[in-house]
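**Student:** Return atomic coordinates for the entry below.
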Amino acid sequence: MNSLAHTLKSIDYDALPLSDYSRSYILQMLPNIDYYMAIYHRCLRRVLDAAAKRPDELTLVDYGGGHGFLSLTAKRCGVGKVVYVDLNPQAAEAVRAVSQAVGEGPDVVLTGDSVTLRSWCKENNVVPDILMGMDVIEHIYCLEDFFADIYAVSPRVKMLFTTGSTPYNPWVRRRLRRIMESDESQFFHMRWAFIQEHFPAMPEQERVSWAFCTRGLNYEDILRCMDGDRHLPWMDAYNTCDPATGSWTERIVPISVYRGMLSPYGARLHVHKGFYNANRPGLKGFASDLLNALLHLPLTHWLAPFIILQTDTKSKI
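**Tutor:** Reported below is the predicted structural model:
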């Protein structure tokens, strides 16, 4: 892990064919790259230890892979086949460029979502053993459809997600809800304008009511809901999504809701505690060490800065 982190730090990203967004994103990560590598390593160790095959026999999907550093780490750990998937074509191009600079990377790079992955796997007769997503599950528009796509391809796939949208930590919840409230002020206006465009004769009070109650729907589903063909999504008082893209703003989902979505597939969900960045200097590093020590105690999920969601199946693989 340390050698990969050193390699990533030594790359001249200005010389790579990256978009401004991708370059900025990677450069912001680099000061804490050792922390991110520790997260990837711990998560990979969990899924590799739970697998019934050697790493070189496994097919792993890096879903919503972004910068691709998890894919690079998986290959460095000896995973046989790594399939990278992300909706953003600029991210996919960045992965190809960084992989070339490193000298290794994912075996397959796909631009798309779970539908894209499902189609590619069927066309290529690939059955993934593992799917991992780092800070992506809180943004997926329809988790029910996502899980249906994944389990249609691989009924016994083992999945692992990290998410900072933990329902346990009250400080994290408070911070994320402030972000949601800020985003919702913009998203409400977007929904209102969309409804006005499609229903110009609708009375203003009714238009405002629809804009309010369709929070959490994309434009397509807003129309379906207003036609009576779509139920309103599960919501709490804060969660909101961009109606143009369907991307949720750091959606906080109760663990019971995750378990309910996974239950039809015979999957069990295990929740593990994340940890703090102890590589920071001075008092911040000392405080992180102390908090990490406390996280080893039972009943301390409320202290964790993020959580790890890991699935298995009731029958052995």
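**Student:** where in this structure is pLDDT low?
**Tutor:** Filtered on pLDDT under 70, the chain yields the residue ranges 1-2, 230, 233-234, 314-317.
**Student:** Tell me which stretches of it form helices.
**Tutor:** Remark: helices of the chain, listed N- to C-terminal, are 2-10, 20-29, 33-50, 69-76, 89-102, 114-124, 143-153, 170-198, 204-213, 219-226, 255-262, 282-294; assignment by DSSP state H.
**Student:** out of those helices, nearest to Val83?
**Tutor:** Closest of these to Val83 is helix 114-124, at 7.4 Å (criterion: C-beta to C-beta). Every residue, glycine included, has its C-beta placed from N, CA and C.
**Student:** which residues are in contact with that closest one?
**Tutor:** With C-beta atoms under 8 Å, 6 or more residues apart in numbering as the test, helix 114-124 has contacts from 61, 63, 83, 85, 108, 110, 126-128, 145-146, 149-150, 152-154.
**Student:** neighbours around Ala52, how many?
**Tutor:** A total of 11 residues lie near Ala52 under the criterion other C-beta atoms under 10 Å.
**Student:** which of the contacts of helix 114-124 tops the neighbour count?
**Tutor:** If you count neighbours using other C-beta under 10 Å, the busiest of those is Val61, which has 31 neighbours.
**Student:** which residues does that residue contact?
**Tutor:** By C-beta under 8 Å, 6+ apart, the residues touching Val61 are 82-83, 85, 117, 128, 130-132.
**Student:** does it have beta-bridge partners, and which?
**Tutor:** Here Val61 sits in beta bridges with Val83, Leu131, as judged by DSSP bridges.
**Student:** one step back: nearest to His270, of the contacts of helix 114-124?
**Tutor:** Proximity to His270 was ranked across the contacts of helix 114-124 by C-beta to C-beta; first place goes to Ile150, at 17.3 Å.
**Student:** Could you verify my assumption that that closest one touches Val157?
**Tutor:** Yes: with contact defined as C-beta atoms under 8 Å, Ile150 counts as touching Val157 (6.1 Å).
**Student:** Can you pull the residues that touch both of these two?
**Tutor:** Taking C-beta under 8 Å, 6+ apart as the contact rule, the neighbours common to Ile150 and Val157 are Leu131.
**Student:** Indicate which one of the helices of the chain is closest to Thr311.
**Tutor:** helix 255-262 (6.2 Å).
**Student:** can you give me the offset of the closest one from its chain's centre?
**Tutor:** Between the centre of helix 255-262 and the centre of its host chain there is 16 Å, according to C-alpha atoms, centre = their mean, to the nearest Å.
**Student:** Show me what it is packed against.
**Tutor:** helix 143-153, strand 267-273 (3 or more C-beta pairs under 8 Å, 6 or more residues apart in numbering; DSSP states H and E).
**Student:** same for the last one, what does it pack against?
**Tutor:** Taking 3+ C-beta pairs under 8 Å, 6+ apart as contact, the helices and strands that strand 267-273 lies on are helix 255-262, strand 307-313.
**Student:** what does the longest one rub up against?
**Tutor:** Meaning helix 255-262. By C-beta under 8 Å, 6+ apart, helix 255-262 touches 143-144, 147, 167, 234, 268-269, 271, 309, 311.
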